[in-house]
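S.K.: Make a model of this:
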Amino acid sequence: MRGNLEPGEPRNGPLVEATDSVRRDDLEGALRAAIAQRLGESRFRLWFGDGVRLGLSGDGESLHVCVPNVFFREWIRDHFSTSLVEAAQAITGRSVQLAFSVLDEMEPGPGEVVGPETDSPERRRGGTIVVPFPGHPKSPLPAPGPQPLAPDRSLPRRPREASSLVSLPPGIELPSRPGSESSRGSGVFPLAPSLRPARGMNDFVTGLCNQLAHAAAQEMIATAGAAFNPLFVYGGVGLGKTHLLEAVVHGLRRAHPVLQVLWTTAEAFTNAFLEAMRSGTLGGFRSRYRAVGAMVVDDVHFLAGTRATQNEFLHTFNALVERGAPIVLSADQHPRRISRLTDELVTRFLGGMVVKLDLPDLATRRRILQTKSSARGVTLPMEVIDYMAEHLRSSIRELEGALHSVIAHALLTGKRLDLALARSALRDTVRHTALAVGLRDVERAVCQLFQIDADALKSESRARALAYPRMLAMYLARKHTGAAYAEIGRHFGGRNHSTVISAEKKVAGWLRAEEQSALLPGFETVADLVAELERILGT
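M.R.: Reported below is the predicted structural model:
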């Protein structure tokens, strides 16, 4: 090895020239095209634009990714690793490792080529083939040491235009962007309102399933967070979380006209933060989100797993709470049940009032159908209401969809809206809803919720962590499958029928006594556990 470098030669070794068999430009173009094809043009432009450079090692065994900062490295590694490796393997025809380097952390200045350490295997095998990107047609790539390979996770969604990052109902405003056209004059700018008609507290049908959440929302509107802050609403899909949040937004605006109310989603917050990171406008992003008078955020579980976004949301949350700004949040699960949510956020969410929206009972489903049909100027026969309420139990959204379908059938066919028409219009919906629940369905639901193996559930172990889920499984099997006691006992580990009878009585007693549950965080009572299991089963 030469001891002295020639003038102009990179410090740690020269670039390897492309061989005759594989032309450099062909390799570069093919690699870019393969990555774009797997990620899609929008994600490719967002995450692999001017600030990100790629390179293959001289022997083609490593794909190096040079990113502008640590955030980009973490996001690309967590979400696109598999796609990047597959793209490189498709071009090179061999197994490829993935390695990252952060431009901000590298010692050399921009544009310098940094090869591997002198005694590293990469040094002995060769240098780097540079893969240019728009804006860096031939800029060389530092060759970092390999990083551990992480699998693809859910891909980030394409950020919307800045003006549509937050969808606000009419009259709800946000502080303006510095320098924007609308920032002149009033100091606020209205964003495009949702096309859906405004929904208020008067439109929210209450019952045993949501009385507490409704009362908490009214208290939040009346006191603007003075009684408790934040208000955290959670529940399954289609149970009215978004409706309740919209009602809070309108209620706050009417009760406190001076408040600037931010109504957004966690996805929109994430997209706005990522765009600010990419464009270097974090200051403007923070001034917009931390200067509002109230913040209402839907689907905060979307933040789970994205550490940088969670940290930013935490700082935004703290800034608003310190100023006394009311905060209302919604999620599909209790804060303690949201996986990969930081402890800092969990404890802050629990610092206010946490309320749950349960599945609507039969009486509430009837009132929902009556209210929704009356709002459309339609009077449903009670037999139609009873039929729909008894057969469609999984969500309020399902009820509304069935109602729209029945009314549409009556209008399009010109037939009388009666039970016969409802049965015909909802034949497929009811058939799929009423599919029989089997013992294996119950087994899968219990294992999914408690995160245990089926073999462990059926084992001889009497440990509380297994015995209680097993009793719940037997109770649900008896309630929903129609299987005999002996059949249930055989399925759950070859137990006799008396064991199943005992488990059924035990769980029924817990439900009557509103027994507290310490089996899983986020579930206060056994009834909450049973309701969640039945939601998973679709019953």
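S.K.: Please count neighbours and contacts with C-alpha atoms only from this point.
M.R.: OK.
S.K.: Low-confidence bits of the stretch 1-150 of the chain, can you list those?
M.R.: 1-30, 32, 42, 46, 50, 57-60, 104-150 (pLDDT under 70).
S.K.: Swap in 80 and give it another go.
M.R.: For the stretch 1-150 of the chain, the stretches with pLDDT under 80 are 1-34, 37, 40-61, 68-72, 74-75, 90-94, 102-150.
S.K.: Which residue ranges of this protein form strands?
M.R.: Applying DSSP state E to the chain gives strands spanning 53-57, 62-67, 97-102, 128-131, 173-175, 188-190, 231-235, 261-265, 294-298, 327-331, 353-357.
S.K.: possible to save those strands as a markdown table with mean neighbour count and distance to Leu537?
M.R.: As requested, these are arranged in a markdown table below (neighbours: other CA atoms under 10 Å; distance: least, CA to CA, whole Å):
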| stretch | mean neighbour count | distance to Leu537 |
| --- | --- | --- |
| strand 53-57 | 24 | 46 |
| strand 62-67 | 25 | 44 |
| strand 97-102 | 22 | 41 |
| strand 128-131 | 27 | 50 |
| strand 173-175 | 23 | 41 |
| strand 188-190 | 17 | 43 |
| strand 231-235 | 25 | 15 |
| strand 261-265 | 23 | 28 |
| strand 294-298 | 23 | 25 |
| strand 327-331 | 25 | 20 |
| strand 353-357 | 21 | 18 |
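S.K.: export the ones you listed to CSV and tack on distance to Val507?
M.R.: Compiled in CSV, these are given as follows (distance: least, CA to CA, whole Å):
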stretch, distance to Val507
strand 53-57, 59
strand 62-67, 55
strand 97-102, 52
strand 128-131, 63
strand 173-175, 50
strand 188-190, 53
strand 231-235, 23
strand 261-265, 38
strand 294-298, 34
strand 327-331, 28
strand 353-357, 22
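S.K.: which residues of the stretch 301-450 of the chain fall in helices?
M.R.: In the stretch 301-450 of the chain, helices defined by DSSP state H, counting those that start in this stretch lie at 307-322, 343-349, 362-375, 382-391, 396-413, 419-425, 427-433, 439-450, listed in chain order.
S.K.: Can you lay out those helices as JSON lines showing distance to Trp263 and mean pLDDT?
M.R.: Formatted as JSON lines, the helices of the stretch 301-450 of the chain follow (distance: least, CA to CA, whole Å; pLDDT from 0 to 100):
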{"stretch": "helix 307-322", "distance to Trp263": "14", "mean pLDDT": "94"}
{"stretch": "helix 343-349", "distance to Trp263": "18", "mean pLDDT": "93"}
{"stretch": "helix 362-375", "distance to Trp263": "25", "mean pLDDT": "88"}
{"stretch": "helix 382-391", "distance to Trp263": "32", "mean pLDDT": "88"}
{"stretch": "helix 396-413", "distance to Trp263": "21", "mean pLDDT": "85"}
{"stretch": "helix 419-425", "distance to Trp263": "36", "mean pLDDT": "87"}
{"stretch": "helix 427-433", "distance to Trp263": "33", "mean pLDDT": "70"}
{"stretch": "helix 439-450", "distance to Trp263": "32", "mean pLDDT": "89"}
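S.K.: Now mean neighbour count too, for those helices, in a markdown table please.
M.R.: Shown next, in a markdown table, are the helices of the stretch 301-450 of the chain (neighbours: other CA atoms under 10 Å):
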| stretch | mean neighbour count |
| --- | --- |
| helix 307-322 | 17 |
| helix 343-349 | 15 |
| helix 362-375 | 18 |
| helix 382-391 | 18 |
| helix 396-413 | 16 |
| helix 419-425 | 17 |
| helix 427-433 | 13 |
| helix 439-450 | 19 |
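S.K.: Out of those, which is closest to Thr223?
M.R.: Shortest distance between Thr223 and the helices of the stretch 301-450 of the chain, using CA to CA, is found for helix 307-322: 14.3 Å.
S.K.: circling back: tabulate the helices of the stretch 301-450 of the chain (TSV), appending distance to Glu74.
M.R.: Below are those laid out as TSV (distance: least, CA to CA, whole Å):
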stretch	distance to Glu74
helix 307-322	9
helix 343-349	20
helix 362-375	46
helix 382-391	47
helix 396-413	37
helix 419-425	50
helix 427-433	42
helix 439-450	29
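S.K.: Looking at the strands of the chain, which is nearest to Trp510?
M.R.: Nearest to Trp510, of the strands of the chain and by CA to CA, is strand 353-357 at 19.8 Å.
S.K.: Give me the angle between the closest one and strand 327-331.
M.R.: Relative orientation of strand 353-357 versus strand 327-331 (axes from the mean of the first three to the mean of the last three CA atoms, to 10 degrees): 40 degrees.
S.K.: Give me the distance between strand 353-357 and the centre of its chain.
M.R.: Here the centre of strand 353-357 is set off from its chain's centre by 19 Å, with CA atoms, centre = their mean, to the nearest Å.
S.K.: Show me what that strand pairs with in its sheet, parallel or antiparallel.
M.R.: Strands adjacent to strand 353-357 in the sheet, as given by DSSP bridges, are strand 231-235 (parallel).
S.K.: what's next to the strand it pairs with, contact-wise?
M.R.: Contact with strand 231-235 is made by 213, 216-217, 220, 241, 327-334, 349-350, 352-358, as judged by CA atoms under 8 Å, 6 or more residues apart in numbering.
S.K.: ok, now with 6 Å
M.R.: Contact with strand 231-235 is made by Val328, Leu329, Ser330, Ala331, Asp332, Gln333, Gly352, Met353, Val354, Val355, Lys356, Leu357, as judged by CA atoms under 6 Å, 6 or more residues apart in numbering.
S.K.: Could you export those residues to CSV, including columns for distance to Leu449 and pLDDT?
M.R.: What follows is the contacts of strand 231-235, written out as CSV (distance: CA to CA, whole Å; pLDDT from 0 to 100):
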residue, distance to Leu449, pLDDT
Val328, 27, 96
Leu329, 23, 96
Ser330, 20, 94
Ala331, 17, 93
Asp332, 14, 88
Gln333, 12, 87
Gly352, 26, 91
Met353, 24, 92
Val354, 20, 92
Val355, 20, 92
Lys356, 17, 89
Leu357, 18, 88
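S.K.: Now tabulate the residues you listed in a markdown table and tack on distance to Phe44.
M.R.: Formatted as a markdown table, the contacts of strand 231-235 follow (distance: CA to CA, whole Å):
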| residue | distance to Phe44 |
| --- | --- |
| Val328 | 34 |
| Leu329 | 32 |
| Ser330 | 31 |
| Ala331 | 30 |
| Asp332 | 30 |
| Gln333 | 32 |
| Gly352 | 40 |
| Met353 | 41 |
| Val354 | 39 |
| Val355 | 40 |
| Lys356 | 39 |
| Leu357 | 39 |
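S.K.: quick one on the thing from earlier: figure out which of the strands of the chain is closest to Phe204.
M.R.: Between the strands of the chain, strand 353-357 lies closest to Phe204; by CA to CA that is 12.3 Å.
S.K.: Run the chain-centre distance for stretch 73-92.
M.R.: Distance, centroid of stretch 73-92 to centroid of chain: 22 Å (CA atoms, centre = their mean).
S.K.: for stretch 349-359, that is, sorry about that
M.R.: Per CA atoms, centre = their mean, the centroid offset for stretch 349-359 relative to its chain is 18 Å.
S.K.: same check, this time on stretch 508-524
M.R.: 27 Å.
S.K.: What of stretch 484-491?
M.R.: The chain centroid and the centroid of stretch 484-491 are separated by 38 Å under CA atoms, centre = their mean.
S.K.: same question, stretch 317-324
M.R.: On the basis of CA atoms, centre = their mean, stretch 317-324 sits 24 Å off its chain's mean C-alpha point.
S.K.: How about stretch 269-277?
M.R.: Offset of stretch 269-277 from its chain centre (CA atoms, centre = their mean): 15 Å.
S.K.: Quick one: mean pLDDT over it.
M.R.: Stretch 269-277 comes out with an average pLDDT of 91.
S.K.: Return the residues in contact with Val292.
M.R.: The neighbourhood of Val292, defined by CA under 6 Å, 6+ apart, consists of Gln260.
S.K.: Many thanks, I have nothing further to ask.
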